[in-house]
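J.: Below: sequence and its predicted model.
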Amino acid sequence: MEITFILNRQKVRVDVPADITLLSLLRDYLHMTGTKVGCEVGECGACSVLLDGKLVDSCLVLAPQVEGREVITIEGVCAEDGSPSDLQKNFISAGAVQCGYCIPGMVMAGEALLRKTLKPTRSEIREALTGNLCRCTGYQQIVDAIEMTAKQRSQTQSGRDKNV
Amino acid sequence: MSDLQYKYIGKPADRVDALEKVTGAAKYVGDYYLPDMLYARALRSELPHARIKHLDTRPALNVPGVIAVITSEDFIDHGRFGFPVKDHFALAFEKVRYVGQAIAAVAAETPEAALNGVKAIICELEPLPGVFDMDHALDPDAPQVGFEREDHKHPNFLDMSPVYKGDPDEVLKDCPVVLHEEYRTVHQEHSYLETEGALAIPTSDGGVTVYCNNQSPFITKGNLVAVLGLDPIKVRVIQPHVGGSFGGKDDLNYLTACQVAALALKAKRPVRMTFSREESMIASYKRDAMHMRITLGADKDGTLRACKAIHTLDSGAYSSQSPFTAWRASIHAMGAYRYDAVKVEVTSVYTNNGFSGAFRGFGNTEACFGIESAIDELAEKLGMDPIDFRLKNCLRVGDVTPHGQKLTESVGLVECLETVRKLSDWDRKRAEYARQTSQDTRCGIGVAVLFHGTSLGAEGVDCATNTIEILPDYSVACASGLTDYGQGPRTVYTLITAEELGISPERVRILLADTDTAIDSGPTVASRSTILAGNAMRVAAQTLARTLNFAAADMLKCEPQRVMRIGEAYVGPNEEPVSWEKVVDHARSMGLVLSAHGKWSAPEIHWDHHKGTGTPYFGYHFAAQVAEVQVDLRIGKTQVLNIWAAHDTGKVIFPQGALGQVYGGITQGLGYALMEEAIYADGYLQSVNFDTYLIPTSMDVPDMTARFVETNFSPGPYGAKNIAEPAMVPTAPAIVNAIYHATGKRIRVLPADLERVALGKSLHKRGSPVSCKVGLKVK
């Protein structure tokens, strides 16, 4: 069937079977492999993407459900100039990356949280990551990276507010 | 050595592969979609023990889209393989020994067609009685799992690893305080976020190139050469980015590599097999389960005198690494203490409970839970503080270990214990929590220590070779046979190269592991990369640095020893400074070779496997961890509030990476302590995905505090030791000792889940084969 949706700010139209997941659409049909396969039962979060700005497991979304909607994957996360986003840079400098397999999903989960609040507590950050499993890092440096980004963004925002 | 002398060693640095991982650009084996690529799927056993009566793969070839099918007949000697025991086959031959064992494999145009092909295969299995209890595996009437043995021992006997010092039975007679208890650990699933997989591409010369997410590509290559009968020059194994392993992606993935390679050669097209999570959990090997029987004796003043540790290790259906795991368990079974007499015997046996192999800590994780629980119980009997008791008896420089090895340097255990005592506010909390009377929730604080032998030890030949080369763009490319599957050695090699050559780390590129460019340096296991390949990298870089220094001296018209460095530039007493690029150009014009090999061999050691004495390892990592918990007595729920960890790692080369190893290791240990249990019921795994096999989430783990005690270790590069495995080993006993402090209830069987904490036992659950049977056919 034909599906039209916004993928990383670009309109795309695909003709795919109706019974595939969004995860399969992204990987097997569009070959966008930044979104990872982990469990395919909605437990690990490796396949996290933003659907209309909300964090979802793409393995639990059927492809036809994205018709007319907006999907952001890890390939669509970057700063305005196309370089890595502040959150991605902070993942690097905080040492949040080891094997890296959960990291695209973790970046999406972090981004989803920061769209909701720029003043999360560490405990709120941990809660926002409960749907994303990581076996390497023990989560601590991932929490650090998101906390650092929240602080930087909220400083930039308050700076902007003052200027207005 | 002071930090001031180093520019990059021990200083903040970014992981070399972090950028491509945060952007999603890093490719893992399942991310390769090649033109004409086929998808492979294995037919896997739904019985724990059976004879293969009839196997007919022809119907699979009639399924639309199926291109090739293989069985054990497609391999030399049926693909028989295994080290140290050759008891496994690339595809099952004559018998299956566990649920999930691959019997045949199909390659097809789509994953769906491959699964349909698997379903079409006619496979008649005649069920055999199985062995599911390791304590009865060696009964005279136990069903036979293993092959007949030449020495006429029980076919289910795999190996026995002893450590002997004096006669503990005699010493125990003199001990006024004796403890005898039994402890059990269960199978643990590695739970790497990326499942197993391999991609084989046939080459025009009749060979094959295999991308495989294994740890040790040279062992994969060796197995491919052996079972396919190919000229080694025609077999190439490349390791793409690997999504975690923790010991878990070797043996099973050697089979996967052999299967896709045979299919690719038959189909003459690229073939990729990547596992579903269910297939991964059912088919993959686990941490062994261990049954430990420990006797300790001490004097009234708290001096430890004797230790007996008689353990059984469930190796499951195949040997895999179990004889080595049992050996490491035996070496560490008595803990990091002095004794007058010791007797350790760790026996590994075959059962039909999946199969067991390497997993972070490699026998020590299991053994440490036993001995550190027992030491805590003995301290209680003696009325001593657990840290005081450990400080009184623990190993120090100058001590001789129970194995007969004199420790001459780098024993930081006392400092580790004192560090966590102070950080955790131990003495105040021990006293305060002992006064709790609430029947609802209580807090507790517990400690555990560890020693962990560096590298392979007397298990095998221990050396590594790295290579280095300056490329035309003045970057420096290095290769190592010891690989990066997330632990971070590529960054360690980068920092060492930059330090030795006096260049920016940005110039250095560590190639992904590839058997065509790297040199076989043994397996990437046993937390050995930093010491072995780190030293090899240093030797290679130093060799190249001498060459460049010679060229610089020629340019600067001075003696080589008078050449100095300012930043990357070379400076002499007479001439203007010259840049790194100019020196490289000059060296080339002089005809000098701008590449080098660096080889490093570990100090020679010896272990007598019969007498149970010797020098098992050339060095040891020491550590102490303290856990603080809150237990809800009503429902048995334990929340870990804090973990403080002090690790004697020697000199830390890549601090951010070392911290990550500690945090991640503690988290796996926390899972092992509280929630992780891969239960086999009559050979059927009961949890086949993350909805029922629970691993710690971000909410289960507290913010952790880690400190490094950097005792100098002369054989290590810059004095460095190891970190990856030791990070997880003491966590479970520290948590369980804390639970005892909170509740007064001693948990001797892991995990300390709600039932065991609240009721003191696990409630009986009837097992079911359904999850496995359904899981093996998941689309």
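T.: Received the coordinates, thanks.
J.: any weak-confidence spans in chain A?
T.: By pLDDT under 70, the weakly predicted segments of chain A are A:162-164.
J.: mind checking the longest helix of the chain?
T.: Unless you meant another one, I'm taking chain A. In chain A, with assignment by DSSP state H, the single longest helix is helix A:140-163.
J.: look at chain B instead
T.: Per DSSP H, chain B has its longest helix at helix B:534-556.
J.: Contacts only, for the residue most central in space within chain A.
T.: Nearest to the mean C-alpha position of chain A, by CA atoms, centre = their mean, lies residue A:108 at 1.5 Å. Counting by CB atoms under 8 Å, 6 or more residues apart in numbering or on different chains, residue A:108 touches A:48-50, A:55, A:72-74, A:77. To be clear about C-beta, it is placed using only N, CA and C from the backbone, and glycine gets the same treatment.
J.: Look at the residue in chain A that chain B sits nearest to and give its secondary structure.
T.: Across chain A, the shortest distance to chain B (CB to the nearest CB) belongs to residue A:34, at 2.2 Å. Using DSSP: H, G, I helix; E, B strand; the rest coil, the structure places residue A:34 in coil.
J.: Let me know the secondary structure of the nearest residue to it once chain neighbours are set aside.
T.: Excluding the flanking residues, the one nearest residue A:34 by CB to CB, 6 or more residues apart in numbering or on different chains is residue B:24, at 2.2 Å. With three-state DSSP as the basis, the three-state label of residue B:24 is coil.
J.: Now do the contacts for residue B:24.
T.: Residue B:24 makes contact with A:33-35, A:73-75, A:104 under the criterion CB under 8 Å, 6+ apart.
J.: most neighbours, which of those residues?
T.: Within these, most neighbours by other CB atoms under 10 Å in any protein chain shown means residue A:104, with 30 neighbours.
J.: What helix or strand is that one located in?
T.: According to DSSP states H and E, residue A:104 maps onto helix A:103-116.
J.: thinking again about what came up before, in strands, which of the contacts of residue A:108 fall?
T.: A:48-50, A:55, A:72 (DSSP state E).
J.: Mind jotting down where the strands sit in the stretch 1-150 of chain B?
T.: Listed in chain order, the strands of the stretch 1-150 of chain B (DSSP state E, counting those that start in this stretch) span B:38-44, B:50-56, B:66-70, B:80-81, B:88-89, B:95-96, B:102-108, B:122-127.
J.: highest average neighbour count across these?
T.: strand B:102-108 (a mean of 28; mean count of other CB atoms under 10 Å in any protein chain shown).
J.: Could you break chain A into its assigned domains?
T.: Split into domains by automatic domain parsing, chain A comes to A:2-76, A:86-157.
J.: rewinding a little: phi, psi of the residue of chain A closest to chain B?
T.: phi -70, psi -30 (degrees, to the nearest 10).
J.: does it really touch residue A:75, like I thought?
T.: Yes - using CB atoms under 8 Å, residue A:34 is in contact with residue A:75, at 5.0 Å.
J.: so residue B:46 sits right up against residue B:99, yeah?
T.: Yes - the pair residue B:46 / residue B:99 is scored as a contact, 6.4 Å apart, by CB under 8 Å.
J.: Looking at the two, which has the bigger crowd around it?
T.: Taking other CB under 10 Å, residue B:46 and residue B:99 do not tie; residue B:99 has more neighbours (29 against 20).
J.: what residues are up against residue B:481?
T.: B:217-218, B:464-465, B:513, B:518-522, B:524, B:533.
J.: Among these, which one has the most neighbours?
T.: Neighbour counts for those peak at residue B:533, which has 31 neighbours (criterion: other CB under 10 Å).
J.: And the pLDDT at it?
T.: With respect to pLDDT, residue B:533 scores 98.
J.: ok, and the closest non-adjacent residue to it?
T.: In this structure, residue B:533 finds its nearest non-sequential neighbour in residue B:482, 4.0 Å apart by CB to CB, 6+ apart.
J.: Count the neighbours of that neighbour for me.
T.: Using other CB under 10 Å, residue B:482 has 30 other residues around it.
J.: Same question for residue B:712.
T.: 15.
J.: Run a quick neighbour tally on the nearest residue to residue B:500 once chain neighbours are set aside.
T.: Leaving aside its sequence neighbours, residue B:500 sits nearest to residue B:541 (CB to CB, 6+ apart; 3.6 Å). Neighbourhood size, residue B:541 [other CB under 10 Å]: 26.
J.: Thanks a lot, catch you later.
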